[in-house]
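# can you look at this prediction? I've put the sequence above it.
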Amino acid sequence: MPSSNPNSGKRLDVPSGLHWKSRFFAATQPAWQMLSNLETRVLADEIRDISVSAPIYVTSLARSGTTIVTELLARHPAVTSHRYGDFPALWTPYWRNWLADRSHRPPARLVERAHLDRININNDSPEAVEELIWTRFFPGLHNPDSSNLLDGSRRNPGFDTFYRSHIRKLLAVREASRYLAKGNYNVARLGYLHNLFPDARFLIPIRHPVNHIASLVKQHRLFCQAHQLDKRVGRQLALAGHWEFGPYRRPVNLGDDSATRAVTAAWSEGDEVLGWAHLWVSSFDYIFKLINELKSISEATYIFKYEDLCSQSETIIDQLLEHTGLDPNQFAEARQEYSEKLSPPDYYQADFSDQELATIRSVCGTVATNFGYAL
């Protein structure tokens, strides 16, 4: 991912070392997969008794609050997740982290992340990294011309084995008992993940469509502008498995080709608001139908409003802990900290015309009502 440079105002920079390292790892993925399998065999005795118990997946449409929720839960001592420092050398999680722990480097200073959204990060901050594993085993997952759904009806045994071992190695080296993953694309894989881990817990934030779409429009514009100044920005987003924004943006196809075509048609005509409105509906209508059709997934899922997370922080945090089964007695300090600092964004305002607001109401109204929003 690009990073924000505190010495260059709003300009986003892609460190040359990271970019070339990312390209090298992308070009040599088969070799790294083989090395990962070797790591698993070497560590067989150490990870034999480690189980992947009730992994926690934070997922939704981008800009709904998934990052702050992941950052929050990653503070729990029982939990570990992938971090910025794991990319792009994510294939050997045990060896990479073992070496990093023994380097005795002081933690890097926190800087605002590339999204310029008040979230400060360094290499130890949680991040969505596992996408590269999914795309390695499931080619075409980001092709909007066909369904991106993995509903569990078809399995990839090679992926299942590799993924389980990968998580177990990460748990072992971090001395943690619960795995936490943030991934916007996991909305399309809820069925697969539930079949793979029947005790998995899913956390899905939802956001009022007007403010959500305003944030999506802002974010896409930011990365496109950054790409104009540095052509590595779009390339780096793709190398990291992030197709949500920027010059190579691709919508997720949740099994409804006509809905996806509506998104891409609007964007191709320059109507950002209409395109994002269609994608908002596609995402949350799919989630609504899924949890109403499959009781087992519904029971594993906690859906909450981003607005409530900001305004009723203590209540939502307690409900997150209850749903995931994390011990609240080990979380008092983080709970207090986040209850005090969580707040609605103040660094931008939704600035839509009357016509654009009418578009959002028309497209999103029914689905918004299903989640308790009035437009």
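Arrived safely. Note that the structure is a prediction, hence the values are computed from the model and not measured. Numbers count the residues shown, from 1 in each chain.

# in a strand, that's where Phe202 is, yeah?
Yes - counting by DSSP: H, G, I helix; E, B strand; the rest coil, Phe202 is found in a strand.

# wait, it touches Ala54, no?
No - at 10.9 Å, Phe202 does not count as touching Ala54 under the criterion of Cβ atoms under 8 Å. C-beta coordinates here come from the backbone N, C-alpha and C atoms, glycine included.

# more neighbours: those two, which one.
With neighbours defined as other Cβ atoms under 10 Å, Phe202 and Ala54 compare such that Phe202 has more, 25 against 17.

# please, where are all the helices along the stretch 151-300 of the chain?
Applying DSSP state H, counting those that start in this stretch to the stretch 151-300 of the chain gives helices spanning 157-174, 190-196, 209-229, 232-239, 257-268, 272-293, 295-300.

# now do the first one: distance to the chain's middle.
Right, helix 157-174. From the chain centre to the centre of helix 157-174 is a distance of 19 Å (Cα atoms, centre = their mean, to the nearest Å).

# state the distance from Val14 to Gly270.
When distance is defined by Cβ to Cβ, to the nearest Å, Val14 is 27 Å away from Gly270.

# I meant Asp285, not that one.
Distance from Asp285 to Gly270, by Cβ to Cβ: 25 Å.

# coming back round to it: out of the helices of the stretch 151-300 of the chain, the one nearest Asp124 is which?
Closest of these to Asp124 is helix 157-174, at 11.1 Å (criterion: Cβ to Cβ).

# quick one on the thing from earlier: just put the helices of the stretch 151-300 of the chain in a markdown table and tack on distance to Thr369 and mean pLDDT.
Shown next, in a markdown table, are those (distance: least, Cβ to Cβ, whole Å; pLDDT from 0 to 100):
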| stretch | distance to Thr369 | mean pLDDT |
| --- | --- | --- |
| helix 157-174 | 37 | 98 |
| helix 190-196 | 22 | 97 |
| helix 209-229 | 11 | 95 |
| helix 232-239 | 34 | 95 |
| helix 257-268 | 18 | 98 |
| helix 272-293 | 10 | 98 |
| helix 295-300 | 19 | 97 |
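
# just send the ones you listed back as CSV, with mean neighbour count too.
Converted to CSV, the helices of the stretch 151-300 of the chain look like this (neighbours: other Cβ atoms under 10 Å):
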stretch, mean neighbour count
helix 157-174, 18
helix 190-196, 20
helix 209-229, 20
helix 232-239, 22
helix 257-268, 17
helix 272-293, 21
helix 295-300, 14
